[in-house]
Structures are given as structure tokens and as C-alpha cells.
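Engineer: build the 3D model from these lines:
(one chain, ligands or ions: 2)
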Amino acid sequence: MNMNIMKVDYSTKIPNNVNLSEDRQVLKALEGWHPGYIDWWHDMGPEGFQQSLVYLRTAYSVDPRGWAKFDYVKMPDYRWGILLAPQEEDRKIPFGEHYGEPAWQEVPGEYRAMLRRLIVIQGDTEPASVEQQRHLGKTAPSLYDMRNLFQVNVEEGRHLWAMVYLLQKYFGRDGREEADELLRRRSGDADSPRMLGAFNEKTPDWLSFFMFTYFTDRDGKMQLHSLAQSGFDPLSRTCRFMLTEEAHHMFVGETGITRVVQRTVDAMKAAGVEDPNEIAKVRALGVIDLPTIQKKLNLHYSLSLDLFGSEVSTNAANAFNAGIKGRYHETQIADDHRLANDTYPVLKLVDGEIKRVDEPALTALNMRLRDDYTQDCVKGLLRWNKVISTAGYNFKLALPNVAFHRAIGEFKDVHAAPEGGLIDEATWTRRRDEWLPSTADGDFVASLMTPVTEVGGFASWIAPPKVGIDNKPGDFEYVKIET
Ligand SMILES: [Fe+2]
Ligand SMILES: [Fe+2]
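Structural biologist: Residues are numbered from 1 along each chain as shown. Ligands and ions are numbered 1, 2, ... in the order given. Next comes the predicted model:
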């Protein structure tokens with residue numbers, strides 16, 4: 001592997017491993033975009049703490065064995081860079097009609113519009129999550145958690161840079177226009193919202209943040225994996241490096257929820273509360289009851305499922321045929337990678353019942369990716385349930401049925417209980433608050449969100465982490481707060 005590609009050039013204003021200093025036109029375009037990005041960061045990035053020193057990791061290489069350096073950085077001074085995984089020699093397009101042909105180093109003209117759209121949609125999610133999370137610094141349960149939030153935020157900012165680089169380098173004028181639009185849309189804005197539903201929802205509290213990083217960042221992981229298979233090599237390399245960073249975001253979610261659950265069962269045990277459903281008793285202990293955690297999980301899982309789009313989709317089939325967007329772990333699947341004659345079982349509504357129906361595998365690719373996602377989600381639930389059962393409680397967190405609370409796809413026009421039974425409108429309205437966070441639940445969780453900023457301190461509702469970041473202890477000063 002070429003060491004020049006692995007190392008990142010920090011001598012330019014925009015750190016990169018794509019030889020930007022010799023690519024004047026693109027460098028100029030990126031430098032032109034930079035001030036708008038910084039304005040966006042100040043307007044829509046983390047509220048407060050912009051002058052605080054945050055113990056952040058910055059990528060200095062794309063070598064998976066060691067790529068990050070930790071140091072105190074003020075967020076606006078973070079070195080957002082353009083980092084692509086090393087080019088694989090003789091890489092071939094791993095699926096679709098062009099299977100086995102050399103990967104493209106330039107945009108194939110016939111797929112230009114499709115590629116641009118996929119890059120823009122991915123790009124739009126990155127700043128959106130920063131916007132959704134911008135208020136959370138003020139209520140961080142510890143400096144450790146605050147640091148993790150800001151790490152996720154600066155990296156989502158970097159992911160925006162990654163997509164903007166592709167747009168500006170490979171799509172000329174309309175690419176530059178799209179790059180500007182990415183800074184103009186705003187999460188939740190009535191007039192110019194972000195492109196996907198889940199990215200216009202609020203992230204009102206830290207439990208939501210952990211659920212978001214567990215469930216919604218995991219959708220990001222699945223999408224990035226599919227795009228990392230792309231026959232358009234620069235997109236593939238970009239996504240491969242983004243996945244390295246993304247892993248930490250999901251770690252924050254998984255361990256965050258683990259710590260919340262741990263604290264809850266510890267407090268219940270200490271107080272002798274035997275029934276996890278005695279919500280008032282549990283809440284009086286200053287921790288979040290398990291049924292409320294389940295409701296938050298129901299909400300974020302169902303919102304994230306919508307991100308996969310319609311189960312049956314000709315767009316997905318076209319992107320696959322074109323060699324633009326593959327399957328999760330495409331190169332490890334043992335089939336012809338063309339899928340012309342294959343079928344895939346899709347969950348559908350048939351005569352008022354949820355049934356699996358075989359559909360052409362090509363049009364069922366969204367369903368397949370969503371199934372892969374669900375399988376990936378299960379791992380966390382096993383861990384959380386282990387914490388609960390180890391504490392001696394008979395309570396299981398579970399993923400709701402895919403028909404539950406959906407706004408996109410087969411089940412958008414019906415109501416279903418979390419177990420999957422179809423119900424009528426009146427039943428849904430009556431029971432909704434048993435399954436999704438109610439206003440009262442939100443108020444209760446919000447009441448716990450008092451910031452803890454002393455070094456080594458943690459809020460009442462969350463256990464400290466088992467290990468710190470970068471092998472630092474729990475009482476390390478992860479953020480030096482400047483007020
Ligand atoms: Fe991201
Ligand atoms: Fe992420």
C-alpha cells in the first residue's frame with residue numbers, strides 16, 4: 001500500500017490524502033465552500049462550548065491499524081479533512097450489469113444523476129444529525145459523555161466534507177450547487193427541511209441521543225456499507241473510511257444505553273423494587289424506568305426503519321444493476337451478484353395480514369438491507385437484556401414488529417401493535433402512549449437532564465463507563481469548559 005495515500009497532508013488548510021494541493025480547481029471550490037461551512041457550524045453546530053477544549057480524535061492516516069490522534073481541540077479549530085481509504089489495485093465492480101469490469105475512477109455519464117442523488121442524500125444526513133443534537137451539550141450527564149457527543153458531531157461534519165468533496169470534484173457546477181444546498185437545508189425547518197424524515201425529528205434528551213446513535217447511525221452504517229461496494233471507486237473509498245469513524249458513533253449509542261439500563265437496575269435493586277413496571281417507584285429513584293426505555297427504543301427503531309425506503313423499489317434495483325449501490329457485504333455473498341432470476345421474501349400486507357411474499361430479488365434490495373439492519377440491531381438488545389437478567393429482573397427489551405409505527409413502505413397506512421397485530425385507528429389512538437414516549441414520559445426524562453460538569457462526576461440516571469476514551473480514566477478532564 002502506498003504510504004502517501006495512507007498519510008494525511010496537514011500542511012494545507014484542508015487536511016487530505018487526495019493530493020488537493022495539486023488539484024487547484026477542486027481546492028479552490030472547497031476553499032470557497034469552507035467559510036459557509038464554518039458559518040453553518042457556528043449557527044447550527046453545538047450550542048455553547050465552542051471555546052472549550054475538547055479531547056477529540058483527529059484522523060492523521062487511513063491505516064486501520066492506527067489512524068487517530070487524540071488531543072485537546074476547540075471545536076471550530078477541528079481539522080475537517082478529505083480522507084479516502086487506500087485505492088485497491090485492479091478493483092472490479094462487484095455486482096450488477098457491469099460485474100467484473102474495472103471500477104470507475106470517473107463518473108459514468110449514464111449514471112451521473114443517480115450517483116449525484118445518492119451522494120446528496122447521504123450528505124444531507126450528516127449535518128442534519130449535528131443540528132438535531134445541538135442542544136445536548138448543555139445537559140450532558142458527564143464530561144465523558146459531552147466529549148463523545150462532540151466527537152460524533154465533528155465527525156458528522158467531516159462526513160459532510162467527504163460528500164461535498166465528491167460533489168465538487170466529480171460533478172462540476174451542479175455538484176457545487178448541491179454542496180451549497182447541503183448548508184442551506186435545516187433539520188426540522190418547515191420551508192427547507194432535511195431530506196429524510198428521521199433527520200427532521202427532535203433529539204430532545206440524552207436517552208434519545210443514545211437511541212439515535214444506536215439505531216439511526218446504524219442505518220448510516222448499512223447505507224455506507226452498500227455504497228462502499230460501489231463501482232464508482234472514489235465513493236467506495238470515501239465510504240470505507242467513514243465506516244471507521246461511524247463505528248464509534250454506534251459504540252456511544254450501545255454503551256450509552258447499557259449504562260442507562262445498568263444504573264436503573266442497580267438503583268431498583270438497592271431500593272428493593274421488584275417489579276420493573278412499578279414506574280412511579282423507579283422514577284422516584286432518579287433513574288429511567290425500563291418501560292420508558294422500551295418506548296424510546298420503539299420510537300427510534302421505527303423511525304430508522306423508514307430510512308430504508310419502500311420494501312419493493314425499482315430505484316434500488318436500478319442502482320444495483322448500474323453497479324452504483326450494492327448489498328451489505330456484497331463481496332462475501334455467494335451468488336452471481338446480478339440477481340436477474342433470484343427472489344427474496346418481502347413482508348407485505350396481504351388481505352389484512354402480514355405475510356412473506358417472494359419478490360424479484362432486485363426490487364427487494366431495500367427489504368434485504370433492512371433485514372440485515374434488524375439482525376445487526378439485535379446484538380445490542382442481547383447485551384442490554386443480559387444486564388437486566390444478571391440483576392435478577394424478569395424484563396426483556398425487544399424490537400417492535402416492522403409494521404409498528406411506520407410512515408414509509410408497506411405498513412404506512414395501517415396501525416400495528418409492537419407485537420405485530422394489526423389494530424384499528426381507535427385502538428391505536430387509545431394505546432399509543434403505552435408504546436411510544438408520551439408527553440409525560442418526555443417531561444420525566446427531561447427532568448433528569450441536569451448537567452454534570454465536575455471532573456469524574458456522572459448524573460444520577462447513568463452508570464460511569466467501564467473504560468474511558470483513549471485509555472483515560474473516568475475522572476479524566478475530557479472537556480475543559482470555557483464559559
Ligand atoms: Fe456520518
Ligand atoms: Fe454517525
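Engineer: could you check which residue of the stretch 1-150 of the chain lies nearest ligand 2?
Structural biologist: At 6.6 Å from ligand 2, S129 is the closest residue in the stretch 1-150 of the chain, using Cβ to the ion. Bear in mind the C-beta positions are built from the backbone N, C-alpha and C, glycine included.
Engineer: give me the pLDDT value at the closest residue to G188 other than its chain neighbours.
Structural biologist: In space, and not counting its chain neighbours, G188 is closest to N200: 4.8 Å by Cβ to Cβ, 6 or more residues apart in numbering. Looking at N200, its pLDDT reads 96.
Engineer: so N200 makes contact with R186?
Structural biologist: No - with contact defined as Cβ atoms under 8 Å, N200 and R186 do not form a contacting pair (9.0 Å).
Engineer: need the overlap of contacts for these two.
Structural biologist: 193-194 (Cβ atoms under 8 Å, 6 or more residues apart in numbering).
Engineer: dump the residue contacts of D189.
Structural biologist: Listed by Cβ under 8 Å, 6+ apart, the contact set of D189 reads N200.
Engineer: check the secondary structure at it for me.
Structural biologist: coil (DSSP: H, G, I helix; E, B strand; the rest coil).
Engineer: now do the same for it: its pLDDT.
Structural biologist: 96.
Engineer: and what of M1?
Structural biologist: Confidence at M1, expressed as pLDDT, is 42.
Engineer: and the residue of the stretch 1-150 of the chain closest to ligand 2, how many neighbours?
Structural biologist: 26 (other Cβ atoms under 10 Å).
Engineer: quick one: the closest residue to it other than its chain neighbours from D63, how far?
Structural biologist: Leaving aside its sequence neighbours, S129 sits nearest to E156 (Cβ to Cβ, 6+ apart; 5.2 Å). Distance, E156 to D63, by Cβ to Cβ, to the nearest Å: 22 Å.
Engineer: who's more crowded, those two?
Structural biologist: The residue with more neighbours, out of E156 and D63, is E156; 25 against 16, by other Cβ under 10 Å.
Engineer: pLDDT wise, what is that one at?
Structural biologist: The model's pLDDT for E156 equals 97.
Engineer: which element is it on?
Structural biologist: helix 143-170 (DSSP states H and E).
Engineer: wondering if that helix reaches ligand 1 at all.
Structural biologist: Yes - remark: helix 143-170 sits within contact range of ligand 1 at 156, 159, by Cβ under 5 Å from the ion.
Engineer: report the contact partners of the closest residue in space to M195 that isn't next to it in sequence.
Structural biologist: In space, and not counting its chain neighbours, M195 is closest to D124: 4.5 Å by Cβ to Cβ, 6+ apart. Counting by Cβ under 8 Å, 6+ apart, D124 touches 182, 185, 194-196, 199.
Engineer: near ligand 2 at all, the helix holding E156?
Structural biologist: No - taking Cβ under 5 Å from the ion as the criterion, helix 143-170 and ligand 2 are apart, separated by no less than 5.6 Å.
Engineer: buried subset of the contacts of D124 as a ChimeraX selection?
Structural biologist: The following ChimeraX line selects those of the contacts of D124 that are buried, judged by 16 or more other Cβ atoms under 10 Å:
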select :182,185,194,195,196,199
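Engineer: of the contacts of D124, which are in range of ligand 1?
Structural biologist: Among these, no residue is within reach of ligand 1 (Cβ under 5 Å from the ion).
Engineer: among the contacts of D124, which two are most distant?
Structural biologist: Across the contacts of D124, the longest distance by Cβ to Cβ is 13.2 Å; it joins L182 and L196.
Engineer: quick revisit: now render the contacts of D124 as TSV, adding secondary structure.
Structural biologist: What follows is these, written out as TSV (three-state DSSP):
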residue	secondary structure
L182	helix
R185	coil
R194	coil
M195	coil
L196	coil
F199	helix
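Engineer: pick the one among the contacts of D124 closest to Q262.
Structural biologist: F199 (29.4 Å).
Engineer: ok, the closest one touching S129?
Structural biologist: Yes - using Cβ under 8 Å, F199 is in contact with S129, at 6.6 Å.
Engineer: thinking again about what came up before, and the residue nearest to M195, that's in a helix?
Structural biologist: Yes - read with three-state DSSP, D124 is one of the residues of a helix.
Engineer: any idea how far V357 is from it?
Structural biologist: D124 is 32 Å from V357, by Cβ to Cβ.
Engineer: picking that back up, dump the residue contacts of the residue nearest to S129.
Structural biologist: The neighbours of E156, taking Cβ under 8 Å, 6+ apart as the test, are 126-127, 129-130.
Engineer: by proximity to ligand 1, which residue of the stretch 101-250 of the chain wins?
Structural biologist: Taking Cβ to the ion, the stretch 101-250 of the chain has H159 as its residue nearest ligand 1, at 3.7 Å.
Engineer: that residue against S129, yeah?
Structural biologist: No - using Cβ under 8 Å, H159 is not in contact with S129, being 9.3 Å away.
Engineer: quick one: whichever residue of the stretch 301-450 of the chain sits closest to ligand 1 from ligand 2, how far?
Structural biologist: When scored by Cβ to the ion, the stretch 301-450 of the chain has L307 as its residue closest to ligand 1, at 12.8 Å. According to Cβ to the ion, to the nearest Å, L307 stands 13 Å off from ligand 2.
Engineer: go on, F308?
Structural biologist: 17 Å.
Engineer: for that residue, give me its contacts.
Structural biologist: Contacts of F308 by Cβ under 8 Å, 6+ apart are 219, 222, 366-367, 369-370, 373, 409.
Engineer: looking at this, it is in a strand?
Structural biologist: No - counting by three-state DSSP, F308 is not found in a strand; it is coil.
Engineer: excluding covalently adjacent residues, which one is nearest to it?
Structural biologist: Distances taken as Cβ to Cβ, 6+ apart place R370 nearest to F308, at 4.1 Å, with adjacent residues excluded.
Engineer: also D470?
Structural biologist: Computed as Cβ to Cβ, 6+ apart, the closest residue to D470 that is not its neighbour in sequence is F70, at 4.5 Å.
Engineer: picking that back up, so the residue nearest to F308 is in which element?
Structural biologist: Using DSSP H and E, R370 falls in helix 365-390.
Engineer: by contact count, what packs against that helix?
Structural biologist: With contacts defined as 3 or more Cβ pairs under 8 Å, 6 or more residues apart in numbering; DSSP states H and E, the packing partners of helix 365-390 are helix 217-228, helix 233-271, helix 290-306, helix 314-321, strand 343-350.
Engineer: relative to P94, which of these is closest?
Structural biologist: Comparing these by Cβ to Cβ, helix 233-271 comes nearest, at 9.3 Å.
Engineer: which bits of the stretch 151-300 of the chain sit near ligand 2?
Structural biologist: For the stretch 151-300 of the chain, the contact set with ligand 2 under Cβ under 5 Å from the ion comprises 217, 246, 249.
Engineer: Throw the residues you listed into CSV and include distance to Y478 and pLDDT, thanks.
Structural biologist: Below are those laid out as CSV (distance: Cβ to Cβ, whole Å; pLDDT from 0 to 100):
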residue, distance to Y478, pLDDT
D217, 20, 97
E246, 21, 94
H249, 17, 96
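Engineer: after the helix or strand of the chain with the lowest mean pLDDT, which helix or strand is next? Please name it.
Structural biologist: Of all helical and strand segments in the chain, the minimum by mean pLDDT, DSSP states H and E falls on helix 3-6, at a mean of 59. Counting by DSSP H and E, the next helix or strand C-terminal to helix 3-6 is helix 24-44.
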